[in-house]
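S.K.: Sequence unavailable; structure follows:
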């Protein structure tokens, strides 16, 4: 059964895809220069937010298997972007951290992305920016609710 929201939903899909596709080229160029995959980038940003994470916690957060995460981190260690350390309290536990090079890489990627976004947002008026913030808050709340529902289903 078609809903009166369907045309709006379709327009939202199209506009969201167009916007994200147009933001990605700058980020993709930076990733290509570094030779990193999207999952490797996610690991780097996760470690910046939660340095000292265990492989199990990272695998769970990224929704990958522990063996997949190990291969990803192995490559990041070889590239000098992350490091592993034994936990002082439990020598069986390995903690993961960004290296100095990894931290500067994440900072540079973020700086490039923010510079591009600032150029785009400078073209929006204050009311347009307020509407954008409101819409993004709504979208984030919907994503949070969806993830909570998914988590609840998995736990049941």
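M.R.: Structure received. From a predicted model like this one, the values you see are computed outputs, not experimental measurements.

S.K.: low-confidence ranges in this protein?
M.R.: 1-2, 24-32, 156 (pLDDT under 70).

S.K.: give the contact list for the most centrally placed residue in it.
M.R.: Note on the chain: the residue nearest the mean C-alpha position is residue 42, at 5.0 Å, using Cα atoms, centre = their mean. Residues in contact with residue 42 (Cβ atoms under 8 Å, 6 or more residues apart in numbering) are residue 62. All C-beta atoms are positioned from the backbone trio N, CA, C, and that covers glycine.

S.K.: One more pass at 10 Å, please.
M.R.: Shown in contact with residue 42 (Cβ atoms under 10 Å, 6 or more residues apart in numbering): 36, 58, 61-64, 72.

S.K.: quick one: which of those residues is nearest residue 8?
M.R.: residue 63 (29.7 Å; Cβ to Cβ).

S.K.: For residue 75, give its distance to residue 60.
M.R.: According to Cβ to Cβ, to the nearest Å, residue 75 and residue 60 sit 20 Å apart.

S.K.: For those two, indicate the residue with more neighbours.
M.R.: residue 75 (16 against 13; other Cβ atoms under 10 Å).
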